[in-house]
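Peer 1: just coords:
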């Protein structure tokens with residue numbers, strides 16, 4: 001029976017917010033032209049994703065037992081043994097993140113953070129410099145996500161253990177009492193959600209859809225193509241051409 005708690009509520013909430021924001025940002029980038037006004041929402045989702053990742057990193061040092069990075073199984077021999085056991089059908093119980101999900105989590109956090117940094121630099125007037133790097137990171141992120149999902153499915157089939165449910169109810173089975181957590185930290189989960197909601201509200205209140213800019217802590221970021229500026233530039237060119245013709 002799955003009734004032994006291992007993942008606290010903040011880590012589970014982070015997992016689903018993180019996933020939702022990445023999917024939203026990625027789908028907008030792939031389905032909406034970057035010259036469209038709606039493309040700005042890709043940038044807004046990216047900023048919110050970056051903020052969420054920073055909260056997750058903090059929780060990775062101060063959270064409960066299996067939320068901490070120190071609990072991750074990152075030894076290369078553990079990863080090798082895990083994949084060998086997947087192929088052979090031999091099962092080893094991991095109370096927290098198994099080796100594959102440990103590495104996948106770090107990779108996704110790293111990709112997400114790098115995407116946030118390059119996205120910020122692009123909106124700061126360095127779009128041409130970082131655009132290709134940003135797209136490469138996004139594709140790397142997507143590949144890591146797909147491999148992670150494939151690994152979860154393979155694990156579930158081979159071991160008849162639906163580990164994905166652990167990120168829903170936080171529970172596993174077959175563990176020793178000293179391997180579980182006694183508190184799912186609901187107060188911190190509420191703080192977590194509140195901070196993300198406040199930052200989302202801050203982004204919304206400081207976003208100017210008319211010229212697709214946002215004032216982020218005193219810095220003005222250009223989230224999309226400013227059609228008004230383009231019109232002004234075109235009018236300026238036309239005016240100059242007309243003056244030249246008159247001369």
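Peer 2: Sure, I can see it. Quantities reported herein were computed from a predicted structural model and do not represent experimental measurements. Residues are numbered from 1 along each chain as shown.
Peer 1: and the helix or strand where residue 15 lies, what does it pack onto?
Peer 2: Using DSSP states H and E, the element containing residue 15 is helix 9-31. Under the contact definition 3 or more C-beta pairs under 8 Å, 6 or more residues apart in numbering; DSSP states H and E, helix 9-31 sits against helix 40-62, helix 99-121, helix 127-159, helix 166-169, helix 186-206. In this view, the C-beta of every residue, glycine as well, is placed from N, C-alpha and C.
Peer 1: now mean neighbour count and mean pLDDT too, for those, in JSON lines please.
Peer 2: Output for the helices and strands packed on helix 9-31, formatted as JSON lines (neighbours: other C-beta atoms under 10 Å; pLDDT from 0 to 100):
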{"stretch": "helix 40-62", "mean neighbour count": "19", "mean pLDDT": "96"}
{"stretch": "helix 99-121", "mean neighbour count": "20", "mean pLDDT": "95"}
{"stretch": "helix 127-159", "mean neighbour count": "15", "mean pLDDT": "91"}
{"stretch": "helix 166-169", "mean neighbour count": "16", "mean pLDDT": "92"}
{"stretch": "helix 186-206", "mean neighbour count": "14", "mean pLDDT": "97"}
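Peer 1: I'd like these laid out as TSV, including distance to residue 29.
Peer 2: Rendered in TSV, the data for these read as follows (distance: least, C-beta to C-beta, whole Å):
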stretch	distance to residue 29
helix 40-62	5
helix 99-121	10
helix 127-159	7
helix 166-169	25
helix 186-206	18
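Peer 1: of the ones you listed, which is nearest residue 71?
Peer 2: Proximity of those to residue 71 was assessed by C-beta to C-beta; the nearest stretch is helix 99-121, lying at 8.5 Å.
Peer 1: which residues touch stretch 50-68?
Peer 2: Residues outside stretch 50-68 that contact it (C-beta atoms under 8 Å, 6 or more residues apart in numbering): 6-8, 10-11, 14, 17-18, 21, 69, 71, 95-97, 109, 112-113, 115-117, 119-120, 181, 183-185, 188, 192, 195-196, 199.
Peer 1: circling back to that earlier point, what's the model's confidence in the helix holding residue 15, averaged?
Peer 2: For helix 9-31, mean pLDDT is 95.
Peer 1: for that helix, the distance to its chain's centre please.
Peer 2: For helix 9-31, the distance between its averaged C-alpha position and the chain's averaged C-alpha position is 6 Å (C-alpha atoms, centre = their mean, to the nearest Å).
Peer 1: ditto for stretch 176-189
Peer 2: For stretch 176-189, the separation from the chain centroid amounts to 24 Å (computed by C-alpha atoms, centre = their mean).
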